[in-house]
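> Fold the following.
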Amino acid sequence: MQQWYQELFNSFVNKYENESFTQGTVGEVDFLESEINHDKSCKILDVGCGTGRHAIELTKRGYQVTGVDLSEKMLKRAREKATESGVGIDFIQADARNLPFQGEFDLVVMLCEGGFPLMETDEMNFQILESASRSLKKGGKLIFTTLNGLFPLFHSVKDFINSNSESQTNRENSFNLMTFRDEYQMEIEDDEGKVLNLNCNERYYVPSEITWLLKSLNFNPVDIYGCKLGEFSRNDPLTTEDYEMLVVAEYLINE
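Numbering: from 1, shown residues only. From the prediction side, this is the model:
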């Protein structure tokens, strides 16, 4: 049985690229470059790469990038876009919880909810972080965005989503203060014009949780910031107004 995110990403490929939250690629890649000091020898892994927007932009700038996603339909579009852009990228279908890499990359990125935190359990989400850590070289960096658990304590997630997406409507949101999970019904029109009704479940994290999880995997330091579309910055402190948080962590040990 497919999970809701599998059904979504297999049916919402072309329209995904027109969403407002996918329009900040250039600015986001500017930040990634600054974090690796524009070192073109760095090998980069893009987890949950989707249609390849970050991987393609990074490759255009001279980096060697591998893209991984669970959705073959997303990857098919990513390969088409890479060909159209004249760049060669290794796109691989794989589960983010079990990446086929061992100490190969200088930078691992998971942006725009690239797998984490969409899993059904906290343990499964943690497996994604474990898998990312195994993929890194000693001293490598993990940069990802995830849902900010401080946001739904002060705001309506349903109202935020409905005001920021032309194609998606959220209904019956139920944010659980014990689990920090938001369960909701999503109504969205797929690439063929068919209306999908999905029962969704996403995990929000507070900064202290992320810090603890990553330090348990030998990441240090762990820095967390606010996350502005297309404007990632270390000068942007996380607040209750940020729907997402930006996490930058350095991996100390590679066994």
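
> Which positions in stretch 76-96 come out as buried?
If you call a residue buried by 16 or more other CB atoms under 10 Å, then stretch 76-96 has these buried ones: 77, 78, 79, 81, 82, 87, 89, 91, 96. For every residue, glycine as well, the C-beta is placed using N, CA and C.

> Would you mind measuring from the last one to residue 66?
Think residue 96. Going from residue 96 to residue 66 by CB to CB, to the nearest Å gives 13 Å.

> try the fourth one
Computed with CB to CB, the distance linking residue 81 and residue 66 is 16 Å.

> With the first one instead?
Separation of residue 77 from residue 66 (CB to CB): 17 Å.

> Show me which pair in the buried residues of stretch 76-96 is furthest apart.
Among these, the pair separated by the greatest distance (CB to CB) is 87 and 96, at 22.9 Å.

> residues touching residue 223, list them.
Applying CB atoms under 8 Å, 6 or more residues apart in numbering, we find residue 223 in contact with 234, 247, 248, 249.

> give me the low-pLDDT residue ranges for the stretch 151-255 of the chain?
For the stretch 151-255 of the chain, residues meeting the criterion pLDDT under 70 lie at 156-172, 191, 253-255.

> What segments of it are strands?
168-176, 181-189, 195-203, 219-226, 244-251 (DSSP state E, counting those that start in this stretch).

> looking at the ones you listed, which is buried most?
A comparison of the strands of the stretch 151-255 of the chain by mean neighbour count, using mean count of other CB atoms under 10 Å, puts strand 244-251 on top with a mean of 23.

> Output that one in PDB with nothing but the alpha carbons.
Coordinates of each C-alpha in strand 244-251 appear next as PDB, following Å, rounded to 0.1, in the frame of the first residue of the first chain:
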ATOM      1  CA  GLU A 244      10.200  25.800   8.500                       C
ATOM      2  CA  MET A 245      13.600  25.800  10.100                       C
ATOM      3  CA  LEU A 246      17.000  25.600   8.400                       C
ATOM      4  CA  VAL A 247      19.500  23.200  10.000                       C
ATOM      5  CA  VAL A 248      23.300  23.200   9.300                       C
ATOM      6  CA  ALA A 249      25.300  20.500  11.000                       C
ATOM      7  CA  GLU A 250      28.900  19.200  10.700                       C
ATOM      8  CA  TYR A 251      29.700  15.500  10.900                       C
END
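
> oh, and call the first residue 34 from now on, that's how I've got it
Renumbered: residue one is now 34, and that last one reads strand 277-284.

> Check what contacts it and list those residues.
Here strand 277-284 has contacts from 68, 166, 169-181, 238, 240, 243, 247, 250-260, 265, 267, 269, 271, using CB under 8 Å, 6+ apart.

> In helices only, show me those residues.
Using DSSP state H to define helices, the subset of the contacts of strand 277-284 located there is 68, 166, 240, 243, 247.

> Please convert those to JSON lines, extending it with distance to residue 146.
Converted to JSON lines, those look like this (distance: CB to CB, whole Å):
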{"residue": "68", "distance to residue 146": "20"}
{"residue": "166", "distance to residue 146": "19"}
{"residue": "240", "distance to residue 146": "17"}
{"residue": "243", "distance to residue 146": "14"}
{"residue": "247", "distance to residue 146": "17"}
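
> Would you mind measuring from residue 232 to residue 285?
Between residue 232 and residue 285 the distance is 39 Å, computed by CB to CB.
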